[in-house]
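Novice: Provide a 3D model corresponding to the input given below.
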Amino acid sequence: MTLALRYAVRSDVGLLREGNEDSAYAGPHLLAVADGMGGYEAGEVASAAVISTVAPLDRREMPESELTEALAAAVTSAKQTLRRIVEADPAVGSMGTTLTAMLWSGGAAAICHIGDSRAYLLRDGDLYQITRDHTFVQALIEQGRIRPEEAATHPQRSLLLRALDGRTDADPDLSMLEAMAGDRYLICSDGLPVAVSDDAIVQALAEAAEPADAVLKLIDLAIAGGAPDNVTCIVADVVDTDDPHVRPTRAPVLAGAAAASGEIPDKTRPFARPVVDGEAGLTHVGLLPDAAGRGDTIPAGRASGERERVTVPGRTQSAARPGAGPGAGPAQAAATIATGADPAGEDDGDLRPRRRARRRWPLVTSILVLFVLVIGGGLFALLQYAHSQYYVGTHAGKVVIFRGLNQRLFGLNLSSVYDPAGIPVSGVPASDLAAIGRAPTGSLAQAQSFLANIRRDYQSCQSAYAAVRTWEANKPKPVRKTFKVNGKTVTRTVTPHYRPEPKIPAGCPPMPISGASSP
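Specialist: Purely as a prediction, here's the structure:
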């Protein structure tokens, strides 16, 4: 029995985002979803770059023994690509992306995962999450600090501890799976589980007959659930190629930002319904058609000795006088006509162009004033919003709470120090430093809660350092003692018994030579 994949993919911008920062690739040997971050443009660049880097893995079927190494090498190449992009354009320095990919070979699959996109397996009616979220809240759950049901409402639920960003050298999780005929895989960005419950996901996957039906149902559920983020889903069935009733998919498909091209200006339109060709088993994904043929008017240039010409919407080419200037034609539904002379008299012909020019100034002035008001109002609203936001960062070697947004506008900082907490950066555990680097903005209470967790970890390290110093200070010194051994006097150095050395928690920085007081 030979196993293969029958798949479908769909990506949607969601209800609250301006653009689609997700990218996806689905092919006979590779399924991959990347969820970009760092703001519109930067996020879509990161996700598309990573998908473009791993996509060549789909060109041939590899031996099972090479799958994980191939994925690891592709991720390394993707990190180098992102690093080059950031070095070339510091404006996108905050960009990053998740990556969840499955590389397939004859019934075995290698899973590569970093970030909070997810991979699921539906087998015999049971749904299994086969990836682990690299998020701050997941770390809190594993440490027993919060319960799983609290994760959905935690203020730092979107904070990533690991991602591909071109700045850090984070490594993905790699694992192997043995597939069975009838298995159904789901790879999705976090926009799906944020809006749709696990029960609804398993029901949609179990009830849909085809992968194309499943992705449509999942996207519809996410939209119904509010879809605050981009949503991208790949559903793939493991099928037996000997079964004449179910054929594997052969055509590779790109979705989201990775599918954008220069012919699609906004590049993030939702995808149309995927259609499975019953004869060839191909999955086709089409973009919504962009607006075309708007019939924009283009004034003709004024050559030496020629009268001024304007374009009049609604006229056909036959209505124009012979010899009309370039730009006129049936495709534009406009014609170029002469306005330098009036049939009623030559005098009126000289007045009409000047009268139109004078009327144009109030309109231009109004547009400029409106533009200034909109820009000014937007800046005022941005500043008001910035003053209501807080985040945790570092300043002058200390961990502090900032008020504002963690970004710059026209070279100006949009934040200032609100609470100089006084926690030295040098004493903060590495995991907390990574969390600070990706800390989102939010309310003051959220920032204070996040800072309290960092302070607790910092003080835990300081207490451990103090215990070690006390242990070292009170450790008895070796003494020399004289013994009788076989009638001979022997002098030896003896270390008195002492309690074990206290342990420093994992993740704490190396203990400083001198003590430091807790803030």
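Novice: contacts and neighbour counts: CA atoms only from here.
Specialist: Will do.
Novice: Quick check: mean pLDDT of the helix or strand containing residue 8?
Specialist: Assigned by DSSP states H and E, residue 8 falls within strand 3-12. Across strand 3-12, the average pLDDT comes to 96.
Novice: pretty sure residue 230 is touching residue 191, no?
Specialist: Yes - using Cα atoms under 8 Å, residue 230 is in contact with residue 191, at 5.5 Å.
Novice: okay, these two: which has more neighbours?
Specialist: Just comparing residue 230 and residue 191: by other Cα atoms under 10 Å the higher neighbour count belongs to residue 230, 29 against 26.
Novice: how about that one, what does it touch?
Specialist: Residues counted as contacts of residue 230 (Cα atoms under 8 Å, 6 or more residues apart in numbering) are 11, 12, 13, 14, 17, 20, 21, 22, 189, 191.
Novice: same thing but at 7 Å, please
Specialist: Residue 230 makes contact with 12, 13, 14, 17, 20, 22, 191 under the criterion Cα atoms under 7 Å, 6 or more residues apart in numbering.
Novice: Now which of these would you call buried?
Specialist: Among the contacts of residue 230, those buried by neighbour count (16 or more other Cα atoms under 10 Å) are 12, 13, 14, 20, 22, 191.
Novice: how close does the last one get to residue 197?
Specialist: Separation of residue 191 from residue 197 (Cα to Cα, to the nearest Å) stands at 11 Å.
Novice: got it, and the fourth one?
Specialist: For residue 20, the distance to residue 197 (Cα to Cα) stands at 22 Å.
Novice: The third one too?
Specialist: Applying Cα to Cα, one obtains 17 Å for the distance of residue 14 from residue 197.
Novice: Out of the buried ones among the contacts of residue 230, which comes closest to residue 58?
Specialist: Minimum distance to residue 58 across the buried ones among the contacts of residue 230 is 19.5 Å, recorded for residue 22 (Cα to Cα).
Novice: which phi and psi does residue 460 have?
Specialist: phi -60, psi -40 (degrees, to the nearest 10).
Novice: ok, now which ones touch residue 476?
Specialist: residue 496.
Novice: so it, which of the three states?
Specialist: What DSSP: H, G, I helix; E, B strand; the rest coil gives for residue 476 is coil.
Novice: phi, psi of it?
Specialist: According to degrees, to the nearest 10, residue 476 has phi -60, psi 140.
Novice: Same check on residue 101?
Specialist: According to degrees, to the nearest 10, residue 101 has phi -140, psi 150.
Novice: Enumerate every residue touching the closest residue to it other than its chain neighbours.
Specialist: Nearest non-adjacent residue to residue 101, counting by Cα to Cα, 6 or more residues apart in numbering: residue 32, 4.0 Å away. Counting by Cα under 7 Å, 6+ apart, residue 32 touches 24, 25, 26, 100, 101, 102.
Novice: In the sheet, which residues pair with the fourth one? Tell me.
Specialist: Beta bridges link residue 100 to residue 33, residue 113 when assigned by DSSP bridges.
Novice: Now do residue 240 against residue 215, distance only.
Specialist: Relative to residue 215, and taking Cα to Cα, residue 240 is found at 21 Å.
Novice: do the same with residue 20
Specialist: Noted for residue 20: a distance of 17 Å to residue 215, by Cα to Cα.
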